[in-house]
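**Student:** Quick one, structure for this:
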Amino acid sequence: MVRLAFTPCLQYQYAAGKNTADIALALDAMEAMFDSRADTFCLVTSDSDFAYLCRKLRERGATVHIVGEAKTPDALRNASDQFFEWLPPEPAAEPADPAKPKAAAAPAKTPTKRRPKTVIKAVELLAGDTPDGWVGLGALGQYLKRTDPAFSPKAFGHAALSDMVRTYPDLVMNQQNGTGFWVSLKPKADAAEG
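**Tutor:** The predicted model follows:
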């Protein structure tokens, strides 16, 4: 473990059936935040007991990322700034028997490209707070992640949020003065045509 730059920490179990490691981890995280040693935390867990810790860290301005299994409860997913679903690695392929011919590999499934309505609703909401009706693509992405930490354009078959936005007939995206991409609702007359 030392070669991988890990510092082992032994946490004694003082009573049977009690997990002292969870409380030790929570205290260490809060201490690191209060000492200004960390402002971003990544927890690899599916245990919803950590939801309260995540909320407390975020209340004090820290960023919290969770890596968890598909079974991770919504309470923990929603307590983080961003949730990443951990997928177990594929089992190692067995060596092919040279006497048997290889079967043709099935083509990899690509997710169907979809357009969730939440993106348009987010643009409507955020654009209402701007004088010109334009929303920064980064701000849109942050809002979508904040409202649904599991949100990912890849889950809808898109490589990036910009690719996803381009598929919406009711949205317009452009680059203004080289300052990044901006998104707006398409004017009603244009939306009816396109």
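
**Student:** which residues in this protein form strands?
**Tutor:** With strands called from DSSP state E, the chain shows them at 40-44, 63-68, 82-85, 135-136, 171-175, 181-185.

**Student:** Which elements pack onto the fourth one?
**Tutor:** Looking back up the chat, that one is strand 135-136. helix 117-127, strand 181-185 (3 or more CB pairs under 8 Å, 6 or more residues apart in numbering; DSSP states H and E). From N, CA and C alone the C-beta is placed, and that goes for glycine too.

**Student:** Same check on the longest one?
**Tutor:** In terms of contact count using 3+ CB pairs under 8 Å, 6+ apart, strand 63-68 is assigned the packing partners strand 40-44, helix 51-59, helix 74-77, strand 82-85.

**Student:** Output the ones you listed as a markdown table; include the columns distance to Gly68.
**Tutor:** Below are the helices and strands packed on strand 63-68 laid out as a markdown table (distance: least, CB to CB, whole Å):
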| stretch | distance to Gly68 |
| --- | --- |
| strand 40-44 | 7 |
| helix 51-59 | 11 |
| helix 74-77 | 7 |
| strand 82-85 | 7 |
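
**Student:** Can I get these in a markdown table including mean neighbour count, mean pLDDT and distance to Ala29?
**Tutor:** Output for these, formatted as a markdown table (neighbours: other CB atoms under 10 Å; pLDDT from 0 to 100; distance: least, CB to CB, whole Å):
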| stretch | mean neighbour count | mean pLDDT | distance to Ala29 |
| --- | --- | --- | --- |
| strand 40-44 | 15 | 95 | 6 |
| helix 51-59 | 18 | 95 | 6 |
| helix 74-77 | 17 | 91 | 14 |
| strand 82-85 | 18 | 89 | 17 |
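
**Student:** winner for burial among the helices and strands packed on strand 135-136?
**Tutor:** Mean neighbour counts were taken over those using mean count of other CB atoms under 10 Å, and the top value, a mean of 20, falls to strand 181-185.

**Student:** For that strand, list the C-alpha coordinates in CSV.
**Tutor:** The C-alpha coordinates for strand 181-185 follow below in CSV (Å, rounded to 0.1, in the frame of the first residue of the first chain):
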residue,chain,number,x,y,z
PHE,A,181,-21.0,28.2,-25.8
TRP,A,182,-24.4,29.8,-25.0
VAL,A,183,-27.9,28.4,-25.2
SER,A,184,-31.2,30.0,-25.7
LEU,A,185,-34.8,29.1,-26.6
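
**Student:** which residues of this structure score low on pLDDT?
**Tutor:** Flagging of the chain using pLDDT under 70 yields the residue ranges 17, 92-113, 189-194.

**Student:** biggest helix in it, by residue count?
**Tutor:** helix 20-34 (DSSP state H).

**Student:** re the thing from before, can I get the strands of the chain in TSV including distance to Tyr12?
**Tutor:** Written out in TSV, the entries for the strands of the chain read as follows (distance: least, CB to CB, whole Å):
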stretch	distance to Tyr12
strand 40-44	22
strand 63-68	27
strand 82-85	31
strand 135-136	50
strand 171-175	56
strand 181-185	53
